[in-house]
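Participant: this one's structure only:
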């Protein structure tokens with residue numbers, strides 16, 4: 001396997017880690033349906049506490065899977081998947097070209 005393939009795989013580790021948690025998967029799916037939601041609105045759809053939701057949103061933000069829009073004192077979260085989708089496409093392309 002080439003050095004480029006290894007680098008692409010390694011660059012995907014934080015994304016895979018963020019996506020591996022069922023609670024974060026649930027948040028992503030909820031935001032896909034509802035678009036802009038506050039932490040409280042997300043917590044209403046979950047069995048997790050508000051602090052736990054905030055923790056998961058922080059991890060999703062760090063991987064650029066969600067973005068924040070400030071409206072007054074409220075922060076609204078929405079999906080921001082473009083960079084992650086491009087990274088996954090790059091991984092698929094690399095696997096197809098270097099590993100098959």
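Facilitator: Thanks, I have it. These numbers come from a predicted model, not from an experiment.
Participant: what number of residues lie near residue 32?
Facilitator: Residues near residue 32, counting by other C-beta atoms under 10 Å, number 11. (Each C-beta comes from the backbone N, C-alpha and C, glycine too.)
Participant: quick one: contacts for it?
Facilitator: Residues in contact with residue 32, defined by C-beta atoms under 8 Å, 6 or more residues apart in numbering, are residue 79.
Participant: Now the residue minimising distance to the centre of the chain: closest residue in space that isn't a chain neighbour?
Facilitator: Closest residue to the average C-alpha location of the chain: residue 65 at 3.3 Å, with C-alpha atoms, centre = their mean. Closest residue to residue 65 apart from its sequence neighbours, by C-beta to C-beta, 6 or more residues apart in numbering: residue 84 at 5.9 Å.
Participant: hang on, isn't that neighbour packed against residue 15?
Facilitator: Yes - at 5.7 Å, residue 84 counts as touching residue 15 under the criterion of C-beta atoms under 8 Å.
Participant: still on that earlier bit, what sits up against the helix or strand harbouring the residue nearest to residue 65?
Facilitator: Assigned by DSSP states H and E, residue 84 belongs to helix 82-98. Applying C-beta under 8 Å, 6+ apart, the contact partners of helix 82-98 are 1-2, 4-5, 8-9, 11-12, 15, 63-65.
Participant: Perfect, that will be all.
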